[in-house]
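J.: Any chance you could fold what I've pasted below:
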Amino acid sequence: MRDPNNPCLFCNTDKKEYIFENDLAYATFDSYPVSKFHVLIIPKRHIKSYFELSADEFVACNKIIILSKNKIENEDQTIKGFNLGTNCGKIAGQSINHCHIHLIPRRAGDVENPQGGVRGVIPSMQHYIRKSK
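T.: Got it, this is the predicted structure:
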């Protein structure tokens, strides 16, 4: 099995696979999608973490997130929501050591109970009961 970090998979993505691109970032479909049209937004500069993005890179990535979201919604009207997230560090599940942001389309009924959304990264914490005041 090929090591996606040697050489870096995201530094060597073929431009033909780009969905969108600007000077500082690009989008491509995830090779192991959680749902149809799962997109990765990737800064071109090789940095490990979202927290290392410069202000300009942050804006560039956000522009591509919005373009990708709009394109996905135009292509599939069954999409009713999105999860947006990034894994920072091995303990958080990061397996490719190049910053990337997941844009995951969601459809009604794709899971039995979507409550908690990204809280599902720790399954026992996903579903909760709101405290009364």
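
J.: Can you get me the centre-to-centre distance for the worst-scoring helix or strand of the chain on mean pLDDT and its chain?
T.: Taking mean pLDDT, DSSP states H and E as the measure, the helices and strands of the chain show their lowest mean at helix 123-126, namely a mean of 75. Centre-to-centre, helix 123-126 and its host chain are 20 Å apart (C-alpha atoms, centre = their mean, to the nearest Å).

J.: List the buried residues of the longest helix seen in the chain.
T.: Ordering each helix of the chain by length in residues (DSSP state H) puts helix 55-75 first. Residues 57, 60-61, 64-65, 67-69, 72 are the ones in helix 55-75 that count as buried (16 or more other C-beta atoms under 10 Å). (Glycine included, C-beta is placed from N, CA and C.)

J.: List the buried residues of the least confident helix or strand of the chain.
T.: Across helix 123-126, burial judged by 16+ other C-beta under 10 Å covers Gln126.

J.: hmm, who's touching that helix?
T.: The contact list for helix 123-126 (C-beta atoms under 8 Å, 6 or more residues apart in numbering) reads 115-117, 119-120.

J.: Now render the residues you listed as JSON lines, adding secondary structure, neighbour count and distance to Asn12.
T.: Shown next, in JSON lines, are these (DSSP: H, G, I helix; E, B strand; the rest coil; neighbours: other C-beta atoms under 10 Å; distance: C-beta to C-beta, whole Å):
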{"residue": "Gln115", "secondary structure": "coil", "neighbour count": "12", "distance to Asn12": "39"}
{"residue": "Gly116", "secondary structure": "coil", "neighbour count": "14", "distance to Asn12": "36"}
{"residue": "Gly117", "secondary structure": "helix", "neighbour count": "16", "distance to Asn12": "32"}
{"residue": "Arg119", "secondary structure": "helix", "neighbour count": "13", "distance to Asn12": "34"}
{"residue": "Gly120", "secondary structure": "helix", "neighbour count": "15", "distance to Asn12": "31"}
